[in-house]
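Chemist: based on what follows, work out the 3D shape:
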Amino acid sequence: MGSNFTKRKLKTVRDLSIKVMGAAAIVEFEWDFTATRVNGEGLNSKGWESQVYVRMDRAGWKLVHALLRMIDFQSAPSDCRISHAIIIS
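Modeler: Alright, predicted model coming up:
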């Protein structure tokens with residue numbers, strides 16, 4: 001995704017929540033993303049994300065799941081409005 005943009009800025013806007021439950025944690029937040037595509041077109045979007053982390057022995061906290069939802073967007077393709085990823089490393 002990074003190679004699709006000449007400029008990009010992602011910031012956590014508000015409502016950061018971190019819940020730790022033993023060896024698992026859930027992080028939720030809203031974000032604001034602005035970018036310039038390689039073709040010069042601008043992209044502005046706002047969304048909500050949740051991430052699940054698991055504490056691994058010796059390796060510390062690892063991201064194992066992420067869910068992203070755009071809640072306000074301009075020039076965002078329809079296939080980018082909801083993204084769901086399961087990450088196990």
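Chemist: okay, CA-based contacts and neighbour counts for the rest of this
Modeler: Will do.
Chemist: give the buried residues for stretch 19-31.
Modeler: For stretch 19-31, the neighbour count (16 or more other C-alpha atoms under 10 Å) marks 24-26, 28-31 as buried.
Chemist: state the mean pLDDT of the helix or strand hosting residue 20.
Modeler: Using DSSP states H and E, residue 20 sits in strand 5-21. The average pLDDT within strand 5-21 is 87.
Chemist: other SSEs contacting it?
Modeler: When contacts are defined as 3 or more C-alpha pairs under 8 Å, 6 or more residues apart in numbering; DSSP states H and E, strand 5-21 sits against strand 24-37.
Chemist: what's the next helix or strand after the strand it packs on in contact with?
Modeler: Heading C-terminal from strand 24-37, the first helix or strand you meet, by DSSP H and E, is strand 42-56. Residues from elsewhere that reach strand 42-56 (C-alpha atoms under 8 Å, 6 or more residues apart in numbering): 23-37, 61-76.
Chemist: ok, now with 7 Å
Modeler: 23-36, 61-76 (C-alpha atoms under 7 Å, 6 or more residues apart in numbering).
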